[in-house]
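1. Dropping the sequence and predicted coords here.
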Amino acid sequence: MELTPILDRGHDDAALFELIDGELKDKFVIRMKGSRNSTVQAFNEAKQKDMFVKMGIVAFAHRAEKTYEKVGFKKKVYVNPRAIFEWDTLCIHGKTYNIVRVRFFDHQGTPIFKEPLLIITNYDVTDVISAQFVYQLDLQRRKIEGVFKFLKDVLGWETFRVHDFESIKNLIALCFFVGASF
């Protein structure tokens, strides 16, 4: 059975990519750190040397735009936002992975997010449909993060004093039930 770990940027690590892709033979979707370098070099005037360009600003090989009717981000609803999906490949330690960059703009063209969303995956990303698929998978992780935020902020998740494993499992199940209800 193939699994697809969907992880945040704290797991942007070449050894983990190799483990999941090579040894486990699974697919993965991992949010990339904004500081990750591309394989493109450019001359840096300030440092007077060639340096690798960050993935957040490097030109990608493929690009498509999509306008949505409504999109909600952080308790705000945007009408007719425009999404730009870009995709390319990145070679890390001799292995090629696919990169998806997503940027959202409001109806006036103002960026909704300060930084673009960068995702690395071993799924084949050959067109806008597959780029959107990878983005949708990443959105699944955010739903889980929302539940954990609720558990920590509202239910005091980090301060409970139970140490018995069975009790912790039961508490987690109860918290997920309560969190999902809201």
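-> Received it, and whenever you're ready, just let me know what you need.
2. And stretch 78-96, what's buried?
-> For stretch 78-96, a neighbour-count test (16 or more other CB atoms under 10 Å) marks 78, 81-83, 85-88, 90 as buried. Where C-beta positions appear, they are placed from N, C-alpha and C, glycine not excepted.
3. Gly10: neighbour count?
-> Gly10 has 9 neighbouring residues, counting by other CB atoms under 10 Å.
4. did I read that right, it in a helix?
-> Yes: counting by DSSP: H, G, I helix; E, B strand; the rest coil, Gly10 falls inside a helix.
5. State the distance from it to Leu16.
-> Gly10 is 10 Å from Leu16, where distance means CB to CB, to the nearest Å.
6. Closest to Gly56 out of the buried residues of stretch 78-96?
-> Taking CB to CB as the measure, Gly56 lies nearest Glu86 of the buried residues of stretch 78-96, at 10.8 Å.
7. beta partners of that closest one?
-> Beta-bridge partners of Glu86, counted by DSSP bridges, are Arg63, Arg101.
8. Just confirm it contacts Leu118, I think it does.
-> No: Glu86 is beyond contact range of Leu118, at 9.7 Å (criterion: CB atoms under 8 Å).
9. Pull up the overlap in contacts between those two.
-> 100-101 (CB atoms under 8 Å, 6 or more residues apart in numbering).
10. Longest helix of this protein, counting residues only.
-> The helix that spans the most residues within the chain, counting by DSSP state H, is helix 128-153.
11. Sketch out the low-pLDDT regions of the protein for me.
-> Applying pLDDT under 70 to the chain flags residues 1, 155, 157-158, 160-163, 179-182.
12. 90 instead?
-> Residue ranges of the chain with pLDDT under 90: 1-3, 9-10, 34-57, 71-75, 140-182.
13. could you pull out the strands for it?
-> Assigned by DSSP state E, the strands in the chain fall at 6-7, 29-31, 37-44, 49-54, 62-67, 70-73, 76-79, 82-92, 95-105, 117-121.
14. As CSV, those with distance to Leu174 would be great.
-> As requested, the strands of the chain are exported to CSV (distance: least, CB to CB, whole Å):
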stretch, distance to Leu174
strand 6-7, 24
strand 29-31, 29
strand 37-44, 44
strand 49-54, 43
strand 62-67, 39
strand 70-73, 28
strand 76-79, 31
strand 82-92, 37
strand 95-105, 35
strand 117-121, 32
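15. Show me the one of those that comes nearest Val147.
-> For Val147, the closest of those is strand 6-7, at 14.1 Å, according to CB to CB.
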